[in-house]
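>>> Sharing a model prediction with you, sequence too.
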Amino acid sequence: MDVLTVLNLGDFAHAFSKMGMFPVFDVAYYIVSIVYLKYEPGSVEVSRRSPVASWLSAMLYCFGSYILADIMLGSSPIDYFQYNSHILLASAVWYLIFYCPLNLFYKCVTFLPVKLVLVALKEVVRTRKIAAGVHHAHHAYHHGFFIMVIVGYVKGSGVALMSNFEQLLRGMWRPETTEILNMSFPTKASLYGAILFTLQEAHWLPVSKSMLILAFTLFMATSKVVMTARHSHGSPFTLIESWVCHLLFGSPLGATEDDHHPPAAAAPSSPLKTKEDLGEGARKRKVKKAE
Amino acid sequence: MDVLTVLNLGDFAHAFSKMGMFPVFDVAYYIVSIVYLKYEPGSVEVSRRSPVASWLSAMLYCFGSYILADIMLGSSPIDYFQYNSHILLASAVWYLIFYCPLNLFYKCVTFLPVKLVLVALKEVVRTRKIAAGVHHAHHAYHHGFFIMVIVGYVKGSGVALMSNFEQLLRGMWRPETTEILNMSFPTKASLYGAILFTLQEAHWLPVSKSMLILAFTLFMATSKVVMTARHSHGSPFTLIESWVCHLLFGSPLGATEDDHHPPAAAAPSSPLKTKEDLGEGARKRKVKKAE
Amino acid sequence: MDVLTVLNLGDFAHAFSKMGMFPVFDVAYYIVSIVYLKYEPGSVEVSRRSPVASWLSAMLYCFGSYILADIMLGSSPIDYFQYNSHILLASAVWYLIFYCPLNLFYKCVTFLPVKLVLVALKEVVRTRKIAAGVHHAHHAYHHGFFIMVIVGYVKGSGVALMSNFEQLLRGMWRPETTEILNMSFPTKASLYGAILFTLQEAHWLPVSKSMLILAFTLFMATSKVVMTARHSHGSPFTLIESWVCHLLFGSPLGATEDDHHPPAAAAPSSPLKTKEDLGEGARKRKVKKAE
């Protein structure tokens, strides 16, 4: 009976890991990403003044992970733009979110129950991207474990890692807030995920890849849905991280990376800090004001 | 009779599109580009303090389009530097413009009638670059229409698209003035040109490539010569753009992208705004003052 | 007798140019590089707040030359990260320098006699990298002399050329201090070295490559050891450079690139100016204060 359960779970995990992402999951990914872009200060003005810059920003939000991974592996950074249907779909989402009459589309997708579903679907895509990135790097460098982690990491984090340069496109420059320095939850989780998938690829983790995909997807989707629903920006890693950092790197205990800013840097960066972790209320107010 | 005329025009367009660019047209391109570099605030001081930085800036001005296109297609960004004769020629032009005794060379090439000819020749090269960029991208990605437009665009715009980073080489940083956000006429025209050449390459435009090259060259050369002669920085696209942007993107009518800056950003950026669109008088005064 | 001496010197030079760099010389390179990183303002705080950012900075300091050369030649920028043992070694050095109890390791390696040996060993690696970079570029572009110089140059200069972006990783942005604009001694020497090795590769220099490696290594090691021992940041090129720049580029005589800043830029940049050329005393005080 127990064996059967495991077998069934294995089958389910396998089927889940083979499930196509296009178009349903991808559309959810585009919607959530571009909604986050609309939360960014200044993005609505830019969409009015310079549609080209706004479109480029939206493409970076949707395809930043492919661009970064292609750069890391020495391919053409715009290689993914050969998939015209994906680009057109993302462009349609961008158009609907920024220019739909009465802001109808935006209001629908940010209605909390809808948004929670979309957020969960986005995490499914993120996990798949990490796994695919690690696998792709493994194919190119059989024993390049660091390369696997890096490629998986950029595949999971996407635009967050180049947010400084994405902001530049919108005429902003905030050198004090680099994502590497103040990692948000999805960026951190992508790093840990990339390490896990690399260990699995190197056969140091006694678990099948499809099972790991299933488990990591469940963890990410649950975490993000709970965080979105509770407007929270804590991280489930805080406790263990603060102990590990204390032991290994002598960081002061109890101070997570997020609230341990030097006072000078904290003042200007705090209202803008981590894109995806801002409370919903504050964001909506900002977007409304901007329109 | 009418058929004959068309035939002759076709022959002429074909011959024109096969005409070699090296060295006459290329030299004109280098001269106009490096003269625009000399107009930039601070470039003359840099040429005295650090010839290496000045030379690098000049190379970016002359070969920025090749560098960007190579990056976009995943090749070596300095691939074009294998053509020693082109680099030496551009270096000679750079030396003459910045260090010629009595500033003689600079005075000659910025003498208005000479300059108008050079500007016209530069636009011939630009159009060829756009066509070559689209063709090259078509070769690499047969159905990658977005890639074709992007590569043609960067081939036409060149250094303008990386002006922020080129300025950094000269110790400046002006994040509020990215070219994408406030496109100058040549950048916009390159975008439209890249779209046209992509449509032609995809056989959606019922016109031969050589004819399109001829027509686009004539349009660009005329526009730029008229704009240079009249010290104007208007754009022939303003009217149609403002209507299209109003209909599609809800931009306020009558406000072109250029004079619709938010007040905060406009103040510091206005005197430096678009490199190639500044009135000649203002520029010359600046350059004279700097010497 | 004289012939014999030459023969022996040639043999010695050949043996020297074939000597393996891993692990002794490489470890010296990593140690000196990461010590320089620790001298940088803010790096100790970053190592406490965000070990990931600190580790990435350290990797850029150790492998920046490989990353830049790979970018220049169109390969994967993280190609070198496939050598796990090198990365692990550099990571261990990073850990020991930043987190060793009582700061013991750092104190040992910055003890002047030890440091002088390490600095000399680092210059051995630098010369080898320049030679390898030029050779590699020669292999890819047989007549691309400019490419050879550029690749050799970035191989020798390493992280210095991307210091602006490395600082960004630590939340800093100082656009007025680009390395190209104010070249430090190692960067300049790398440029001259790259030119020499390119001339040798093109058979325009009547000397064998191993002999050139030996001579350039001796020059670099001697210069850097003397400069480190005397806490000096002069450059042996100053006199000849100021004359050449005066003749060729009309730079005012007697003003080296370093003290010819425009007053506005000099004020903020002077205390931070050139990383590797700061007096030891000032640096140590800074690092102590930060801990």
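Right, received. Where do you want to start?

>>> Show me what from the stretch 1-150 of chain A comes close to chain B.
A:45-53, A:56, A:70, A:74-79, A:81-82, A:84, A:87, A:98-99 (Cβ under 8 Å from any Cβ of the partner chain). C-beta coordinates here come from the backbone N, C-alpha and C atoms, glycine included.

>>> Filter these down to just the buried residues.
A:45-53, A:56, A:70, A:74-79, A:81-82, A:87, A:98-99 (16 or more other Cβ atoms under 10 Å in any protein chain shown).

>>> So which of the residues you listed would count as near chain C as well?
residue A:74.

>>> wait, doesn't residue A:66 sit right on residue A:80?
Yes: counting by Cβ atoms under 8 Å, residue A:66 does reach residue A:80; the two are 3.9 Å apart.

>>> Only alpha carbons, please: show stretch A:192-199 as CSV.
Extracted as CSV, the C-alpha positions of stretch A:192-199 are listed here (Å, rounded to 0.1, in the frame of the first residue of the first chain):
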residue,chain,number,x,y,z
TYR,A,192,18.8,27.7,-2.7
GLY,A,193,16.8,26.0,-5.4
ALA,A,194,19.7,26.2,-7.9
ILE,A,195,22.0,24.6,-5.3
LEU,A,196,19.5,21.8,-4.7
PHE,A,197,19.0,21.1,-8.4
THR,A,198,22.7,21.1,-8.9
LEU,A,199,23.2,18.6,-6.1
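
>>> just how off-centre is it within its chain?
With Cα atoms, centre = their mean, to the nearest Å as the basis, stretch A:192-199 stands 16 Å off its chain's centre.

>>> Just confirm yes or no for that stretch near chain C.
No: judged by Cβ under 8 Å from any Cβ, stretch A:192-199 stays clear of chain C, getting no closer than 11.2 Å.

>>> State the number of residues packed around residue A:247.
Residue A:247 has 10 neighbouring residues, counting by other Cβ atoms under 10 Å in any protein chain shown.

>>> helix or strand for it, which one?
Element membership of residue A:247, judged by DSSP states H and E, is helix A:238-249.

>>> name the helices or strands packed onto that helix?
helix C:51-72, helix C:84-99 (3 or more Cβ pairs under 8 Å, 6 or more residues apart in numbering or on different chains; DSSP states H and E).

>>> The first one close to chain A?
Right, the one you point to is helix C:51-72. Yes: contact of helix C:51-72 with chain A (Cβ under 8 Å from any Cβ) involves C:51, C:52, C:53, C:56, C:70.

>>> Surely the second one is in contact with residue A:180?
Think residue C:52. Yes: Residue C:52 lies in contact with residue A:180 (Cβ under 8 Å); the separation is 6.2 Å.

>>> Using the three-state scheme, assign the residue positioned nearest the centre of chain A.
In chain A, the residue lying closest to the centroid (Cα atoms, centre = their mean) is residue A:157, at 4.6 Å. Recorded secondary structure, residue A:157: helix (DSSP: H, G, I helix; E, B strand; the rest coil).

>>> Please give me every residue in contact with it.
Residues near residue A:157 by Cβ atoms under 8 Å, 6 or more residues apart in numbering or on different chains: A:65, A:68, A:179, A:186, A:187, A:190, A:191.

>>> And the pLDDT for the residue nearest to the first one when sequence neighbours are not counted?
Once flanking residues are discounted, residue A:65 sits nearest to residue A:158: 3.6 Å by Cβ to Cβ, 6 or more residues apart in numbering or on different chains. pLDDT, residue A:158: 93.

>>> And residue A:9, by the same measure?
Note for residue A:9: predicted pLDDT of 89.

>>> gap between it and chain C?
Using Cβ to the nearest Cβ, to the nearest Å, one gets 34 Å for the distance from residue A:9 to chain C.

>>> what do you get for residue A:57?
19 Å.

>>> likewise residue A:195?
Residue A:195 is 12 Å from chain C, where distance means Cβ to the nearest Cβ.

>>> mind listing what residue A:87 touches?
Contacts for residue A:87 (Cβ under 8 Å, 6+ apart) come out as A:59, A:63, A:81, B:146.

>>> okay but the first one is in contact with residue A:93, surely?
No: under the criterion of Cβ under 8 Å, residue A:59 lies out of contact with residue A:93, with a separation of 10.9 Å.
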